[in-house]
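Chemist: just coords:
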């Protein structure tokens, strides 16, 4: 949004994003939802607020999670050496009785580190800068918290927001498969998910133009799932059925995780 | 709507890899191929009824990307 504001000559001085994460018990659904509040700091008009509100929904990560912009092709590889395409998904998939992990209540708070914004010698912005994100969630016996950094900077000390989100998607896939697949005595040891993605052709400028104009940019990605054993141990259809239960995969393909969205001027 | 970006056939190296490492824990690494930036690794935990998880559930990492 900082980039959209800059390109639109909007006087955005600062910004925060607060997400409440809540479980949604539904065996066939994505299992969680988020409520987002974005606070804009600056002398903004209502039309500028509306423009930035649209941008927050159409940033690449927002598109993936709320618009279902990811077009995924899956491939399954067994440790025995066989590889098969897992897309498209057939209709006659088995029912998997096991439950996926319940997603706990928590919050995710993003704070813009404005001093990390970078300019060229002429004063033009070359990188939007980084954000500090604080995660708080309910653990089994206590409340826990973590901090991650993400954004865009020359130094490249932190990942971009989109790759950061994808790492959560890949991890969610592993978590779901670890629960649903019929692993043997060694459990899910050897389970791995790899993502192969092309960059956005026009880079961040195109992504920000899409966000500003409310345009969905669909993205192709290949996901390779490596499982231990042979196709007899873990059949392809079991993997396909399990993937359809993964919360992040559901929201990446169908959207709908956003329960509410408010953009306010602070 | 715009046309989707396409993967080239020669993209043989993954961008991101996530592995189950035992004890309800997953590690994910971004930018695994040699390059100017990265790699960055993150740990996530699988909520369960037996033990505290050592890091946020994976969905929280995805939302962190959204917040960033």
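Modeler: Received it, and whenever you're ready, just let me know what you need. Small disclaimer: the values here were computed from a predicted structure and weren't measured. Residues are numbered from 1 along each chain as shown, chains lettered A, B, ... in the order given.
Chemist: all helices of chain B, in order?
Modeler: For chain B, the helices defined by DSSP state H cover B:58-67.
Chemist: And the strands in it, which stretches?
Modeler: Applying DSSP state E to chain B gives strands spanning B:2-5, B:16-22, B:25-30, B:40-45.
Chemist: Surely residue A:2 touches residue A:13?
Modeler: No. If you go by C-beta atoms under 8 Å, residue A:2 and residue A:13 don't touch, sitting 10.3 Å apart. All C-beta spots, glycine's among them, are computed from the backbone N, C-alpha and C.
Chemist: And the two? Which one has more around it.
Modeler: Just comparing residue A:2 and residue A:13: by other C-beta atoms under 10 Å in any protein chain shown the higher neighbour count belongs to residue A:2, 23 against 13.
Chemist: How confident was the prediction at the residue nearest to the more buried one when sequence neighbours are not counted?
Modeler: For residue A:2, ignoring the flanking residues on the chain, the nearest one in space by C-beta to C-beta, 6 or more residues apart in numbering or on different chains is residue A:128 at 4.3 Å. Per-residue pLDDT puts residue A:128 at 90.
Chemist: Check residue A:87 too.
Modeler: Residue A:87 carries a pLDDT value of 94.
Chemist: gap between it and residue A:221?
Modeler: Distance, residue A:87 to residue A:221, by C-beta to C-beta, to the nearest Å: 11 Å.
Chemist: Check which helix or strand residue A:251 maps to.
Modeler: Using DSSP states H and E, residue A:251 maps to helix A:247-254.
Chemist: List the buried residues in that helix.
Modeler: Within helix A:247-254, the residues that qualify as buried are A:247, A:248, A:249, A:250, A:251, A:252, A:253, counting by 16 or more other C-beta atoms under 10 Å in any protein chain shown.
Chemist: ok, now stretch A:252-266?
Modeler: Neighbour-count burial for stretch A:252-266 [16+ other C-beta under 10 Å]: A:252, A:253, A:255, A:257, A:258, A:263.
Chemist: Please see if that stretch touches chain B.
Modeler: No. Using C-beta under 8 Å from any C-beta of the partner chain, stretch A:252-266 never reaches chain B; the gap is at least 8.7 Å.
Chemist: ditto for stretch A:98-111
Modeler: Yes. Stretch A:98-111 lies within reach of chain B by C-beta under 8 Å from any C-beta, at A:101, A:102, A:103, A:104, A:106, A:108, A:109, A:110.
Chemist: wait, is the first one part of a helix?
Modeler: Same thing as residue A:101. No. Checked against DSSP: H, G, I helix; E, B strand; the rest coil, residue A:101 lies outside a helix; its state is coil.
Chemist: Check the contact between it and residue A:174; I expect there is one.
Modeler: No. Under the criterion of C-beta under 8 Å, residue A:101 is not in contact with residue A:174, lying 11.2 Å apart.
Chemist: Between the two, point out the one with more neighbours.
Modeler: Neighbour totals were compared for residue A:101 and residue A:174, and residue A:174 leads with 27 against 23 (other C-beta under 10 Å).
Chemist: Is the more buried one within a helix or a strand, and which one?
Modeler: Using DSSP H and E, residue A:174 sits within helix A:161-180.
Chemist: Repeat that for residue A:150.
Modeler: Secondary structure from DSSP H and E places residue A:150 in strand A:143-152.
Chemist: How about residues contacting that strand?
Modeler: By C-beta atoms under 8 Å, 6 or more residues apart in numbering or on different chains, the residues outside strand A:143-152 that reach it are A:113, A:116, A:127-138, A:157-161, A:164, A:204, B:42, B:52-53, B:55-56, B:61, B:64-65, B:68.
Chemist: strands paired with it, and their directions?
Modeler: strand A:129-138 (antiparallel) (DSSP bridges).
Chemist: So for the strand it pairs with, what gets flagged as buried?
Modeler: For strand A:129-138, burial by neighbour count (16+ other C-beta under 10 Å) applies to A:129, A:130, A:131, A:132, A:133, A:134, A:135, A:136, A:137.
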